Structures are given as C-alpha cells and as structure tokens.
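Asks: Show me how the following folds:
(2 chains)
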Amino acid sequence: MSDALLSINGLTVALPDGADREYAVEDLSYEVHPGEILCVVGESGSGKSMAANTVMGLLPRGVRPVAGEVWFCEHNLLELDERQHRALRGKDIGMIFQEPMTALNPLMRVGDQIAEVFEAHRALNNRAERQARALELLTEVGIPQPERAIRAYPFELSGGQRQRVMIAMALALEPQLLIADEPTTALDVTTQAQILELIRDLQHRRQMAVMFITHDFGVVAEIATRVCVMRHGKVVELGSRDEVLDNPRHPYTRDLLEAIPSDAAPPQRKALPPSPLLEVSHLNRVFRSRGGLFKPAREVRALQDVSFTLSRGETIGIVGESGSGKSTLGRCIVRLERPDSGEIILDGVPLSALSGDVLRLERHRVQMVFQDPYASLNPRTRVGMAIAQGPIANGTPRAQALAMADELLATVGLEGTADRFPHEFSGGQRQRIGIARALALKPELIVADEAVSALDVSIQAQMLELLEDLKQRFSLSLLFITHDLRVAAQICDRIIVMQKGRIVEQGYAQDVFVDPQQDYTRQLLDAIPGRRHDHHHEATAIT
Amino acid sequence: MSFFARFARNRGALFGLIILWVIIGMAILAPIVFPESPWRMVQRPFLPPFAVDGMWLGTDTMGRNVAAGLMHGAWVSLLIGLISTSVALLIGVPLGAIAGYYGGWLDDALMRFTEFFQTIPNFALAIVLVAVMQPSVTSIVLAIALVSWPPVARLVRAEFMSLRHREYVEAARLIGQTNTQIILRQILPNTLSPIIVLASLMVATAILLESSLSFLGLGDPNAMSWGYMIGAARTVIRQAWWLSFIPGVAILLTVLALNLVGEGLDDALNPKLARERH
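Replies: Numbering: from 1, shown residues only, chains lettered A, B, ... in the order given. Down below sits the predicted model:
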C-alpha cells in the first residue's frame, strides 16, 4: 500500500561474528499505517525490537543492516546520516522504553526533561512557553496533580507515573509515529491496564501510528489493530488482530496462544484432607529506613497481621502487586527475613523462633525457587556441584551427593549437564536447575517467588507443568508467589490476595476467580490484559 | 575458550608476561651467571657500558659490576614484591571478608582499625617500621605488607557487601551452608578477579616502595637491590647517568609488565566484560 507511514522492505540486520545466529532479523517486511496500532509480538531473542532500533538509528555497535530499506515519509532511514536521523528522532518518531526508571535522568526535574525535548529541536524558544507546554502534556497523559508533578524528580513518582512522563516526552513534538518497546512489562497489572488505555486513547485522539512491541498476547488483544508475530528474526504471521488471535494460521502462533495461561475459571480441585503443614499466625514485619538530615525516617509495614494455614500437598498462590508484601511473606517463611512478631510453624517446628545453627539444620525442610534465573546460580560453580552443595552441607558424603545431583538434573530434563557452568544454559533451563537445587534437600515445602515471571510464555507453561509433576512425585506442598492471577489460577488450590501488607481475600482458586468478594480482587481480575477481547467473543457467541 | 587463550587475546598482557618471565629468568640465573657476590669490586669504577669486554653494563662508583647487581637485584626486588603482597593479602582479604559479610558492629570495628592505618601516610609509616625493626629483608617485607593491606580490605569488603545479598548467596544460606562455607565457596570465588588485579598492582607498588626505602639507605645492607643501586648512584648522576638509568629502566619494565599482566588477568577472568570491550 502506498499510504503507509513506515514501510520496511526486506530488512536484514546482521549480528556481529560469534553471535548465536547470523542475522538479528532476516528479510523483514511490514508497514505501519497512520491511525493504526501494529503490535510486534515475539519471545525473547525473536528480534522484535531490532526493527524498531533500526528505525530509530539506535542499533548497538557491531549490528548493522545489510539489506532492505526502511521508508518513513519520504526518507530512506538507512541512508540518513546521524544528523538527519537525529532531526527525525523525537520530532517525527517518538519512542518509549521498557524501564521508565532508567530512561529518565534521575537528577532532573520532570518538567525540565520534557522542556529539553523542545530545546533539542529548537521549538518554543521561551522558557515559560516550554514549561507551559510541558504542563499541558502532563495533563494530557493523565498524571495526578500535574502542577506538582512538573517539579518532581523521577524517584518521587511511581512506575506508572514515570511511564506517563516518558509518554509525554515522546509526544512532545507531536510525532506521526510512536514506537513503544515493551512499555508496560515492568508495571503492575492495574497500572498496565491504565497505560494501555492511555496509549490507545492518545493514538485515537491524535491519529498517530503506533508500533507496539510486546511479548504478551494479552496486551495484543487489548490494543492492537494489526499483529505481526516474529520468531528467530523472521515474520511468521502478519494480519489483523482478530484474524491472528482467532484463526492463527502458523503453528508457532497457535503454540504461543495455547501457552498463555487461560483466564477461564480454574476447575474445582478436590478438597484435601486437612492436615496442616505450615501454620502462619499474626505475622508482622516493618521495614524502617533511618532518617537523614533532611529526610524523615520512613516506615513501611510490609506484613500486617498475616495468618493462614497450608495443608500437606496443597498449593497456595499468594497474589499481589509490587509492594503488597508477598515477597516479604515468602522470605519470612524460608527465614531469609526475620518477622518482628508472629509465628511460623512448619510441621511442629517453630521456624520463626529459631536462629543460628539450630535454624541452619532445620532449613532443609523448606526451600525456595528464586525469581531471577540469572542471579540465583553462582556463576563460578558447576551446576552439579551447585545442586550437591545442599546435601553436602547437611552431611551427605560428597560422591553420593554428586550422584544425586545427576539424577535430579535428569528429573528436571537436563541429563548429563552436571559439569557445565550456569552461563551455558538458557533462562528456563537455569530455572530448572534452581528447582533441582531446591529438591535436593527433600523439602516438605517449596516457596516459589515469582519463579516463572522472568520466562517467555511457552517456557512458563512448561515450568508450571514441571512444578505440578514434581509436586506429585515428591509429595510436596507449594507456596506460589506471583503477581499474575492467571498463573496462580493454573496451578493453585487456594489463592491468597495481598494488598499493602494485609491479606484482603483468601479462598479456593475457583471461588476467587468466579466470585471475588473484595473490590481489590475484582480490580486485579479486570486489569488482566486480553480479558475484554475474550469477553467480547463470548458475548457474540451467546447472541 | 581456555583461560590462557582468553589471556593471550590481550596483546599487551602477553607482552607483559614475556617481560616478567625475562626478569624471573634473570633472578633465577643470577647465581649461575655471576657466581660471585654482586658487592665485590671487580674493575675500575665508572666504566661506561660496553667499554670493557665482560662488563656490558659497566661498573659503578666502587667498581662493582652493574650487570651482576641488576641480576641479583631482580631476585631481591621480585621476592620482596611477591612476599609482601602475599602477606598483605593474608591480612586484608579475611579482614575485608568478615567486615563485609557480617556488617554491623564488627564491620564498624574492623573499618575503624583499617582507617587507623590509612590515616598515616604509607611511606612515612614504612620508614618508621623499618627504622625501628632494623633494616633487613624480613623487616622490609613486613613493613611494606603492613602499609599496603588497607586497600585490599576495603576492596574485599565492598565486593562482599554487594555480593552478600545476591540470590545465589541467599540460596546457599537456605540449603544450610555455614557462614564459613558461604564466604569461601560462594562469595570469595566471585571476588577473585578484582583481588588479582589489585594484587598485581600491589607487587609493582611494593617494588617501588622497596626501591624508595633502599634509596634512603634503609635497604638490607646485605641484599643488592635496584633501589639501592639508584640510591648509590644519585650523587654521580651528572658524571655517570647510566648508573641510575639502568636499574631505573629495570624497575619501570617490571612495574609495566605487572600492570599489563594484571589487566590481562582481569580480561581473562571476566569473559563477558572482555567480549564487550573488544
């Protein structure tokens, strides 16, 4: 079509020698038309961000386009020099990034940062005028109390507010094309829903073209006009939202769609015989930051009077947004954190009261799977040894522990890899090693703290399956901490919803899903991206 | 890629390693090539280099063979550099590790103790220590070690503080490893690369410190060292500049070699970092 605003034809971008594949993207072609939102979806390593970086002229060193053309308005972007490219950036093409904290200058007031955009492009020469326009923009992106926000430093704003500032900056010169690279990935679901709403609204009002890069099909369902699915640097499917989501033609798209945790109500699980394994009662934890000369001391109540019971063989999901205290709860239960008051009793052992060597010898009863598969393994320890270290520390002879580690690696599907170092594994594989390490001590309870959040959806689904399977085989109980209600619904018997350090709702997964009792739970459910799309379809199916 | 292959990718480091081997070779071969004491007067004083056969580097103010002094001095300089650095590491690493790992009052106490040493200028303290203990190789090594451990303790403490909250350290605590095991097996291996780099620089500093002490006449009177040679030649620098110049170049090359090797080790120990840089 000739009316495309941005049109990419046969773009091939080469990676430097020694990378795991030759081209970041290969023979890539798509167009973005005015007034539409094109979602580019793919898992990590699919090259979905590469095209956007090419358009912006922000390719990393060593990575260069070798074929194809990128037309924006009348310019072939690949032939522009740095100065011409800079003139387009910001003015005609705006961009927002994933991490709103690192994308803003921490030492500059928000208003000045927006004003800087005008300065850089020599628009609005008068300071007062620039500030007035910045205020207008902040109002437009819906920041509460824009008069105050304009004088705030980035750290004084929440993640969602910072992302709004980023959007205001991107929109400052009224670009024709907005590129959004995973702009909501680092945000809570409710905040994500608001930001998506804002982007859709602004796009509609200004009739901009938006290129939205994401890994989340829920977000796609929420916002896209057209969808482009990418894998290993190639486009596998391109079409309108409804075509791609409802009638995926390519098997990969189908796999991806199937891997998404469904938000249909979970099946009723059979009730377990009540035999309490873990009893948590009246747990409190307050974090205090020492005040400085100019700042008052701050108190954060991370846990307030938290009580619940976990039965043997049960899986409980603890769900909440960041700052809800869910991670602190997990850390208290494995005793990486000491509760201020309250009791944690595991199978008769009062974990909360122990310390020193007595605690060390009881630690094998409850193990943890950590969130970040890249940080949770010692980069200098071979993985077999990493798994064997636990049993060795608890008195198993070295040779026997290493043999056991081999077996456990086989159990999690990584046979014969004991001699490798962590960096030789992918994120999902590392998380399997983390699970094997936790299993090595034959624990009664495993606490999984956001254990699948850092993984791609297809891997996420495999991990959940593995956890479920291991739970049966080793007769484990699970405490599953997550921000994602869909994931929790998939594997949990019961769900505990936390907000600001308190338990606001707990019940069987199905009940919480179908008939939430609290407003907060309802908000969380409504904020799950993609729900509206599904509902819409259910509704049409009924009529 | 093997460790050496990664090391060898840094050309400078390879060059440094070659120089270092030459100097070590000099130190080892000294008693064979010059079996006589380097203090013996063998020829007319003030012979310029290559003036007389068998005296390629000439003789000094007292008629001693400069080449013999240089080779025997290599032994003393390297010995002092390596031993004093090892002693400094033996003091600094455990201290910094304990302070950084446990934190709290222990950290406060250990750091105040460290500051006590840091507030006194290095060289002044070394002079006092050597003067009090009588100049000898042992007292010089000890003095240099005592003035150079605080930066090690600081570095190790900072590394431990940033690493002790890593998830893999928490995981180690969860699987029931003792504090000692966590310090030795989990954290220490991950602090090795900065420690090794610092150590290579410390060997260089120690050689310079020894030279300075010898220059001031506080060297071991029985051990020929490069610093002594420069110190003894300083009064005649206008008549016989080469007497200070030759050992000076030797010190320069040794320090340069150690720095280059240290940098190469850093690259080799941080494969990811090295890949980004090149």
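
Asks: which residues are contacting stretch A:456-469?
Replies: A:43-44, A:215-217, A:255-256, A:258-261, A:412-413, A:427-428, A:431-432, A:435, A:448, A:451-452, A:455, A:478, A:487, A:490-491 (C-beta atoms under 8 Å, 6 or more residues apart in numbering or on different chains). Using the backbone N, CA and C atoms, a C-beta is placed for each residue, glycine as well.

Asks: pLDDT on that stretch, on average?
Replies: What stretch A:456-469 shows for mean pLDDT is 86.

Asks: so is the spatially most central residue of chain A in a helix, a strand, or just coil?
Replies: Taking C-alpha atoms, centre = their mean, the centroid of chain A lies closest to A:Thr185, which sits 4.8 Å from it. Under DSSP: H, G, I helix; E, B strand; the rest coil, A:Thr185 falls in the coil class.

Asks: now A:Arg122
Replies: Three-state call for A:Arg122 (three-state DSSP): coil.

Asks: tell me the contacts of the residue in chain B that chain A sits nearest to?
Replies: Closest residue of chain B to chain A, C-beta to the nearest C-beta: B:Ile175 (3.2 Å). Contacts of B:Ile175 were listed using C-beta under 8 Å, 6+ apart, and they are A:Arg363, A:His364, A:Gln367, A:Gln389, A:Gly390, A:Ala393, A:Asn394, A:Arg437, A:Ala440, A:Leu441.

Asks: now the closest residue to the fifth one other than its chain neighbours: how far from A:Val457?
Replies: Leaving aside its chain neighbours, A:Gly390 sits nearest to B:Ile175 (3.2 Å; criterion: C-beta to C-beta, 6 or more residues apart in numbering or on different chains). B:Ile175 sits 30 Å away from A:Val457 when distances are taken as C-beta to C-beta, to the nearest Å.

Asks: and stretch A:380-400, C-alpha only, in CSV?
Replies: C-alpha atoms of stretch A:380-400 as CSV (Å, rounded to 0.1, in the frame of the first residue of the first chain):
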residue,chain,number,x,y,z
ARG,A,380,31.6,-19.9,39.2
THR,A,381,30.0,-23.1,40.4
ARG,A,382,29.3,-26.1,38.1
VAL,A,383,25.6,-26.8,38.2
GLY,A,384,26.1,-30.4,39.5
MET,A,385,28.0,-29.0,42.4
ALA,A,386,25.5,-26.2,43.0
ILE,A,387,22.8,-28.9,43.5
ALA,A,388,25.0,-31.2,45.6
GLN,A,389,26.1,-28.4,47.9
GLY,A,390,22.9,-28.6,49.9
PRO,A,391,23.1,-32.3,50.8
ILE,A,392,26.9,-32.0,51.4
ALA,A,393,26.2,-29.2,53.9
ASN,A,394,23.7,-31.4,55.6
GLY,A,395,26.1,-34.3,56.0
THR,A,396,25.7,-36.4,52.8
PRO,A,397,29.0,-37.8,51.5
ARG,A,398,30.3,-35.8,48.5
ALA,A,399,30.3,-38.6,46.0
GLN,A,400,26.7,-39.6,46.9
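
Asks: Could you give the average pLDDT over it?
Replies: 91.

Asks: buried ones in it?
Replies: Within stretch A:380-400, the residues that qualify as buried are A:380-394, A:396, counting by 16 or more other C-beta atoms under 10 Å in any protein chain shown.

Asks: where does chain B come near chain A, residue by residue?
Replies: B:166-168, B:170-178, B:181, B:185-186, B:189-190, B:272, B:275 (C-beta under 8 Å from any C-beta of the partner chain).

Asks: from those, which would you call buried?
Replies: Using 16+ other C-beta under 10 Å, the buried ones in the residues of chain B next to chain A are B:166-168, B:170-177, B:181, B:185-186, B:190.

Asks: Determine which two of these are furthest apart.
Replies: B:Gly176 and B:Asn190 (20.3 Å; C-beta to C-beta).

Asks: Quick check: the gap between the residue nearest to the centre of chain A and A:Glu99.
Replies: Distance from A:Thr185 to A:Glu99, by C-beta to C-beta: 9 Å.

Asks: host element of A:Ala152?
Replies: Using DSSP states H and E, A:Ala152 sits within no helix or strand.

Asks: my bad, A:Ala386
Replies: helix A:383-393.

Asks: ok, now A:Leu310?
Replies: strand A:298-311.

Asks: where are the low-confidence patches of chain A?
Replies: Low-confidence segments of chain A (pLDDT under 70): A:1-2, A:18, A:100, A:262-273, A:290-297, A:531-543.

Asks: pLDDT score for the nearest residue to B:Gly262 once chain neighbours are set aside?
Replies: In space, and not counting its chain neighbours, B:Gly262 is closest to B:Ser200: 3.0 Å by C-beta to C-beta, 6+ apart. For B:Ser200, the pLDDT comes out at 83.

Asks: The one 10 residues further on now?
Replies: At B:Glu210 the predicted local confidence, pLDDT, stands at 88.

Asks: Now do the same for it: helix, strand or coil?
Replies: helix.

Asks: who's in contact with it?
Replies: So B:Glu210 contacts B:Val76, B:Ser77, B:Ile80, B:Gly81, B:Ile140, B:Ile144, B:Gly219, B:Ser225, B:Gly227 (C-beta under 8 Å, 6+ apart).

Asks: I'd assumed A:Thr315 was in contact with A:Lys471.
Replies: Yes - the criterion here is C-beta atoms under 8 Å, and A:Lys471 meets it with A:Thr315 at 6.8 Å.

Asks: For chain B, what is the nearest residue in the stretch 351-500 of chain A?
Replies: A:Gly390 (3.2 Å).

Asks: quick one: that residue and A:Leu524, what's the gap?
Replies: 36 Å.

Asks: And for A:Ala436?
Replies: 32 Å.

Asks: A:His483 now?
Replies: From A:His483 to A:Leu524 the distance is 9 Å (C-beta to C-beta).

Asks: Neighbour count for those two, which is higher?
Replies: With neighbours defined as other C-beta atoms under 10 Å in any protein chain shown, A:His483 and A:Leu524 compare such that A:Leu524 has more, 26 against 19.

Asks: Surely that one and A:Leu485 touch.
Replies: Yes - at 5.8 Å, A:Leu524 counts as touching A:Leu485 under the criterion of C-beta under 8 Å.

Asks: Give me the common contacts of those two.
Replies: By C-beta under 8 Å, 6+ apart, the residues touching both A:Leu524 and A:Leu485 are A:Val189, A:Val319.

Asks: Give me the residue at the spatial middle of chain B.
Replies: Short answer for chain B (C-alpha atoms, centre = their mean): B:Val203, at 0.9 Å.

Asks: so how far is the one helix or strand it maps to off the chain centroid?
Replies: Applying DSSP H and E as the criterion places B:Val203 in helix B:188-215. Per C-alpha atoms, centre = their mean, to the nearest Å, the displacement of helix B:188-215 from the mean C-alpha position of its chain is 4 Å.

Asks: Many thanks, we can stop here.
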